[in-house]
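Peer 1: Have a look; sequence and predicted model below, questions after that.
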Amino acid sequence: MSGKVVSINISAKKGVRKKPVEDIFVKAGYGIEGDAHASSEWHRQVSLLAIESIRKMQEMGLDVHPGDFAENITTEGLDLPSLPVGTKMNIGPEVAGEVSQIGKECHTRCAIYYQAGDCVMPKEGIFIRVLKGGRIRKGDSVEIDGEP
């Protein structure tokens, strides 16, 4: 199973929409340099959400784009929520990760939820722990390396 990176998004603070960038450097056991969610202290080092999930919200009439759901990497062509925890993936030629969580609990309702009555990140977003660092660029492939 393979897909591609359609957007890379980072923010310096938590709780805000992320801004698109062309490329990032990811550190093993840490996450994305310069992103507020990077930390060696937890398992949610990098977040991914499929463009197909964002399109669902657009079809509900919302003006939303990659990064608006605070995801670091927006993918295309992968059914992310179907990947079990422990699934290994390669992103671009250098980076390797392992799915560490599917979805998340939203403790506070974000602006997207209030506009649409729903949000896709809690159900369809995934998180990975970074196993091998390196550079990721927009357009890179995302290859599923194996399920647990």
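Peer 2: Sure, I can see it.
Peer 1: Now do the strands for this protein: every range, in order, please.
Peer 2: For the chain, the strands defined by DSSP state E cover 2-10, 19-21, 23-27, 31-32, 46-50, 73-76, 88-91, 95-102, 126-132, 134-137, 141-146.
Peer 1: Give the buried residues for the second one.
Peer 2: By neighbour count with 16 or more other CB atoms under 10 Å, strand 19-21 contains the buried residues Val21. (C-beta placed from N, C-alpha, C; glycine too.)
Peer 1: how about low-confidence regions in this protein?
Peer 2: For the chain, the stretches with pLDDT under 70 are 15, 104-122, 147-148.
Peer 1: Can you give me the buried ones in the lengthiest helix in it?
Peer 2: Assignment by DSSP state H gives helix 51-59 as the longest helix of the chain. Judged by neighbour count (16+ other CB under 10 Å), helix 51-59 contains these buried residues: 51-54, 57.
Peer 1: Output the contacting helices and strands for it.
Peer 2: Contacts defined by 3 or more CB pairs under 8 Å, 6 or more residues apart in numbering; DSSP states H and E place helix 51-59 against strand 73-76.
Peer 1: Give me the residues contacting the strand it packs on.
Peer 2: Outside strand 73-76, the residues that touch it by CB atoms under 8 Å, 6 or more residues apart in numbering are 3-9, 46-52, 54, 66-67, 91, 136, 142.
Peer 1: Just the CA atoms of the longest helix of the chain, as CSV, please.
Peer 2: What follows is helix 51-59, C-alpha atoms only, in CSV (Å, rounded to 0.1, in the frame of the first residue of the first chain):
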residue,chain,number,x,y,z
ILE,A,51,-6.7,14.7,2.0
GLU,A,52,-9.7,12.5,1.4
SER,A,53,-10.8,13.2,5.0
ILE,A,54,-10.4,16.9,4.5
ARG,A,55,-12.5,16.7,1.3
LYS,A,56,-15.3,15.2,3.4
MET,A,57,-15.4,18.4,5.4
GLN,A,58,-15.1,20.6,2.3
GLU,A,59,-18.2,18.7,0.9
